[in-house]
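[1] compute the structure for the input listed below.
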Amino acid sequence: SKQLVVSYLFSTGEIAPGCAVAVGDQPAGNDHGLTLHHSVGSMPFVAVSERPEMVPYKLKPFAITRHSNVEASAKLMTALARMIDDRASPDGPLDPCKMRGGA
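    Reported below is the predicted structural model:
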């Protein structure tokens, strides 16, 4: 289960709650385990499903369904990279976890 892998990464400190985003095209299928972290607030889930009916109601506000899953994933990653780049410090690399709370 993908949920077990993410839970393990949280437990080892490899990722921290609020400092990672899960992306998947089958939130009601093989990616369901990742959506459980979204439900408890530790890791947002963005659905990149090709059809709106593939996305459970509770995740519809967090879905990109106007593109193929590959195109939607690319658009999401580009937007996230721009957001991180816009907040980058001239003093060195940006730690995305430090972005929380406007830091």
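
[2] spit out the contact partners of the residue nearest to L80 when sequence neighbours are not counted.
    Leaving out its chain neighbours, the residue that sits closest to L80 by C-beta to C-beta, 6 or more residues apart in numbering is V21, at 7.0 Å. For the C-beta atoms, the positions are set from N, CA and C on the backbone; glycine is no exception. By C-beta atoms under 8 Å, 6 or more residues apart in numbering, the residues touching V21 are 43-46, 80.

[3] now the helices: where do they sit in the protein?
    2-12, 32-40, 69-86 (DSSP state H).

[4] who wins for proximity to E50 among those helices?
    Set against E50 and scored by C-beta to C-beta, those come closest in helix 69-86, at 5.6 Å.

[5] buried residues in that closest one?
    Residues 69, 72-73, 76 are the ones in helix 69-86 that count as buried (16 or more other C-beta atoms under 10 Å).

[6] possible to save those as CSV with distance to P52 and pLDDT?
    As requested, those are exported to CSV (distance: C-beta to C-beta, whole Å; pLDDT from 0 to 100):
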residue, distance to P52, pLDDT
N69, 13, 92
A72, 12, 95
S73, 17, 95
L76, 16, 94
